[in-house]
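1. Predicted model and sequence below, questions to follow.
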Amino acid sequence: MSTGEKFTQMLIAIALFFGVVAAILLLTQRLRSRRGELVQSAAFVLPAVLLIGVGLLYPAIETIRQSFQNAAGNESVGFENYKTIFTDSNQIRVLLNTAAWVIVVPIASTAIGLVYAVLVDRAKFEKFAKALIFLPMAISLVGASIIWKFVYDYRETDANQIGVANEVLKVLGFDTYRFLFNEPWNTVFLIVIMIWVQAGFAMTLLSASIKAIPDDIVEAARLDGVGGFKMFRFITVPSIRPSLIVVLTTISITTLKAFDIVRTTTGGNFDTSVLAYEFYVQSFRSFDQGLGAALAVLIFVLVMPIVIYNVRQMRKLEAR
Amino acid sequence: MTTTTATDDLSVEQAVERESVSSSAHKALTSPWASLAAILIAILWTIPTFGLLVTSFRPEGDITSSGWWTIFTNPSFTLDNYDEVLNGDTALATYFVNSIVITIPSVLIPVSIATMAAYAFAWMRFPGRDFLFVAVFALQIVPIQVTMIPLLTLYVDRGLAGAEAPGGGFYTIWLSHSIFALPLAIYLLHNFMRQIPGELIESARVDGAGHVQIFSRIMLPLMTPAIAAFGIFQFLWVWNDLLVALVFGGGSPDVSPLTARLAELSGTRGQDWFLLSAGAFVSLVVPLIVFLSLQRYFVRGLLAGSVKG
């Protein structure tokens, strides 16, 4: 398809969509009776409800069903796929890696975001300083992966280095290191990329709630001689506890679902695969539909309690 | 929403700053170390991007023979990499177009549908309203991975997938992004709509306005900041997405966005940094412009909870 054709298709789709919406609004506009109101409500709600029903609810149920079937999806195998996930040595590696990601990324990003938010709070260049940390949020995980792959680039120790990380090692007198190849530490270096992306998110949310701490509390503590680290430990952190929990849970959900970094940097080789990437490989590369579905359901099951907790905390925050 | 007002209201912030002069003595003690730590983090966070940006402007030979930091002593720059990456074999220009064609409908459609649904859930009365709203809300927990295989089958069965399909296969991507955005969009916009005083709607009703008029004349103007905030998020998600593009675009150069092409290049031409560096910045420039120019809305959306996994 040529560029012109693509834009034409796009304009057709948009025109079609807004045409239908406008028609619905115009047609139901005049209805005033009780029954008319019902039709109106349906016109407003049904497009969304239908899309969600067909595109989310039905597929989710279907996937759960498929997770109990074989690779081709034509024979029931009971819990066999789940058994594979928890017994196969490759799959156990995947689970362990995923655990490392989900534990380290939220804690490290939140810690860095919090410290940075406190440090730059009311500083002269606060806006600019925040934007620097925040910027990685705007770029894709694929872009972030390429940026870091270049940082980690490996050359022999006596060769000219082009990756910053190995240049630093060389200047300090160490041998250069294959950051993305040497297990098990390569997973840690992939995790660094995700921390780099997520710290900005943590910083923004925590900075807002630090600014919302009532001044009289801070003043009172100060009059009592509390300052520096003690202020941080006994006033700042307890005051923003609900936001801290929201940030931690939100980042763990994002981390659990992200597969882009692993795919772009190592392609899941060298023991770096995670759950979300394994799902993609089994479903769309190895075409093992059953195992793919079981992995997706496992992500679902792991995410569910965190989301529920997250939403409850968020509602508490809003209610304040 | 105490948090939102605290950041948005600059004058309050400045007033607070003036009041806490008493703390400046204390601050003076700790600030050199604090500043140093802050600067250190800022540098660590900036260097990786800066290095690749510099690299994208260096000649191909230089990139592989010396580090980008040598430009400070030995500067030489070129735009050849960008020319190559956009118009050469990698043909990123095509994928750039695809990204635009994917993104615009994938933002407009879900935001419109969600605004209407949010209005209905907030201000219309119909049987089953609360149940439906809770159901929509609850479906936020479904990770998109769970829906992909059946959804793909559905598209194939309905003839929406593939180059021969209407719209050249774009409909599968547009639809998927729209569907995945809806639960969160409806929930957030509903929250914003409930903050608008009910008397406003009641008095409009008394004056004889129907729901359609109230929606288009009162709600839409009042909701513009909220809609903009969510729109920006949706824009960034769609533009930066890889999973949906890979699964529903099927790697076809006709419909795949920049992210899919870049991920592929990273695998097949992983050492061609003149291509990868320039390519990465071609894909970064649009979200960065959007983000930097609309940061206010972005932060507001973030504080209201627009975070999707």
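-> Cool, got the structure. Only a predicted model underlies this, so the values are computations on that prediction, with no experimental measurement involved. Residues are numbered from 1 along each chain as shown, chains lettered A, B, ... in the order given.

2. buried residues in the least confident helix or strand in chain A by mean pLDDT?
-> Sorting the helices and strands of chain A by mean pLDDT, DSSP states H and E puts helix A:228-231 at the bottom, at a mean of 80. By 16 or more other CB atoms under 10 Å in any protein chain shown, the buried positions in helix A:228-231 come out as A:Met231. Every C-beta, even on glycine, is put in place using the N, C-alpha and C of the backbone.

3. any residues touching the next helix or strand along the chain from it, and which ones?
-> Going down the chain from helix A:228-231, the next helix or strand is helix A:237-239, by DSSP states H and E. With CB atoms under 8 Å, 6 or more residues apart in numbering or on different chains as the test, helix A:237-239 has contacts from A:114, A:209-210, A:213, A:217, A:244.

4. Tell me which residues are up against the helix or strand following helix A:237-239.
-> With elements assigned by DSSP H and E, the helix or strand that comes after helix A:237-239 is helix A:241-257. Contact with helix A:241-257 is made by A:98, A:101-102, A:105-107, A:109-110, A:113-114, A:194, A:198, A:201-202, A:205-206, A:208-209, A:237, A:275-276, A:299, A:302-303, A:306-307, A:309-310, A:313-314, A:316-317, A:320, B:3, B:143-145, B:307, B:309, as judged by CB under 8 Å, 6+ apart.

5. and helix A:241-257, average pLDDT?
-> Averaging pLDDT along helix A:241-257 yields 88.

6. Please give the centre-to-centre distance between that helix and its chain.
-> Centroid separation for helix A:241-257 versus its chain: 9 Å, with CA atoms, centre = their mean, to the nearest Å.

7. at contact distance from chain B, anything in whichever helix or strand comes after it?
-> The helix or strand immediately downstream of helix A:241-257 is helix A:260-265, counting by DSSP H and E. Yes: contact of helix A:260-265 with chain B (CB under 8 Å from any CB of the partner chain) involves A:260, A:263-265.

8. For helix A:260-265, give me every contacting residue.
-> Identification of contacts with helix A:260-265 by CB under 8 Å, 6+ apart yields A:140-142, A:144-146, A:148-149, A:180, A:190, A:193-194, A:268, A:272-274, A:277, A:280, B:242-243, B:259, B:262-263, B:266-267.

9. hang on, the earlier thing: nearest to A:Ala159 among the contacts of helix A:237-239?
-> A:Leu114 (40.0 Å; CB to CB).

10. Can you tell me the closest non-neighbouring residue to the closest one?
-> Using CB to CB, 6 or more residues apart in numbering or on different chains and skipping the chain neighbours, the partner closest in space to A:Leu114 is A:Leu206 (5.1 Å).

11. just to revisit the earlier point, does anything pack onto the least confident helix or strand of chain A? Which helices or strands?
-> Other elements packing on helix A:228-231 under the criterion 3 or more CB pairs under 8 Å, 6 or more residues apart in numbering or on different chains; DSSP states H and E are helix A:215-223, helix B:24-56.

12. rerun at 6 Å
-> Contacting helix A:228-231 under the criterion 3 or more CB pairs under 6 Å, 6 or more residues apart in numbering or on different chains; DSSP states H and E is no other helix or strand.

13. Please save the CA atoms from that helix in CSV.
-> Taking Å, rounded to 0.1, in the frame of the first residue of the first chain, the C-alpha atoms of helix A:228-231 are listed here in CSV:
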residue,chain,number,x,y,z
GLY,A,228,17.5,15.8,57.7
PHE,A,229,17.2,12.1,57.6
LYS,A,230,14.9,11.9,60.6
MET,A,231,12.5,14.2,58.9
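
14. Residues of the stretch 101-250 of chain A that sit close to chain B?
-> Residues of the stretch 101-250 of chain A lying near chain B by CB under 6 Å from any CB of the partner chain: A:116, A:119-120, A:122, A:129, A:132-133, A:138-140, A:142-143, A:146-148, A:150-151, A:160-162, A:164, A:167, A:204, A:208-209, A:211-212, A:227-228, A:250.

15. In helices only, show me those residues.
-> Members of these lying in helices (criterion: DSSP state H): A:116, A:119-120, A:129, A:132-133, A:142-143, A:146-148, A:150-151, A:164, A:167, A:204, A:208-209, A:211, A:228, A:250.

16. burial count for the residue lying closest to A:Phe18 once chain neighbours are set aside?
-> Excluding the flanking residues, the one nearest A:Phe18 by CB to CB, 6+ apart is B:Ser112, at 7.6 Å. A count of neighbours around B:Ser112, defined by other CB atoms under 10 Å in any protein chain shown, yields 18.

17. Find the centremost residue of chain B, please.
-> B:Leu236 (1.6 Å; CA atoms, centre = their mean).

18. which ones are touching that residue?
-> Neighbouring residues of B:Leu236 by CB atoms under 6 Å, 6 or more residues apart in numbering or on different chains: B:Pro287.
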